[in-house]
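Asks: mind looking at a prediction? Sequence and model below.
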Amino acid sequence: MAKIYIDNSSYMEFIDEIATQMTEITYKEDTFESVELELEFEEVQEGNVLIKFTDEAQDYYNERYDEVETMLNNTLNIHSNEHLNRDN
């Protein structure tokens, strides 16, 4: 079967969405945490918050991302066009 190359941003977005859903299903309400941003500028309004994976959920997400990417490559033979664009 010939390799199928798709746009890198679509490729990454697909893998991210699947890995994120898997992480949210596993960690439920413990998936995300809020982190108060410390900004350099005094005039920036208070309440700037970053929502991010917890450390455990981030590790799980990274593993799922790699697994989904490997399955996409090996099972469907779909790959990112990133390296094709760099070579040109």
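Replies: Arrived safely, thanks for sending. As the structure is a computational prediction, the values presented were derived from the model and not from experiment.

Asks: buried residues in the helix ranked longest in the chain?
Replies: The longest helix of the chain (DSSP state H) is helix 55-76. Residues Ala57, Tyr60, Tyr61, Arg64, Tyr65, Val68, Glu69, Leu72 are the ones in helix 55-76 that count as buried (16 or more other Cβ atoms under 10 Å). C-beta coordinates here come from the backbone N, C-alpha and C atoms, glycine included.

Asks: same for that helix, what does it pack against?
Replies: On a contact count with 3 or more Cβ pairs under 8 Å, 6 or more residues apart in numbering; DSSP states H and E, helix 55-76 meets helix 8-27, strand 78-80.

Asks: packed most tightly, which of those would that be?
Replies: Burial of the helices and strands packed on helix 55-76 is given as mean neighbour count (mean count of other Cβ atoms under 10 Å); strand 78-80 ranks first at a mean of 17.

Asks: OK, contacts around the closest residue to Tyr61 other than its chain neighbours?
Replies: In space, and not counting its chain neighbours, Tyr61 is closest to Thr23: 4.5 Å by Cβ to Cβ, 6 or more residues apart in numbering. By Cβ atoms under 8 Å, 6 or more residues apart in numbering, the residues touching Thr23 are Thr31, Phe53, Ala57, Tyr60, Tyr61, Arg64.

Asks: for the buried residues of helix 55-76, which one is nearest Glu36?
Replies: Closest to Glu36 out of these is Ala57 (18.9 Å), distances taken as Cβ to Cβ.

Asks: so who does that closest one touch?
Replies: Counted by Cβ under 8 Å, 6+ apart, Ala57 has contacts Thr23, Thr26, Tyr27, Asp30, Thr31, Phe32.

Asks: closest to Leu84 out of the residues you listed?
Replies: Taking Cβ to Cβ as the measure, Leu84 lies nearest Thr23 of these, at 29.6 Å.
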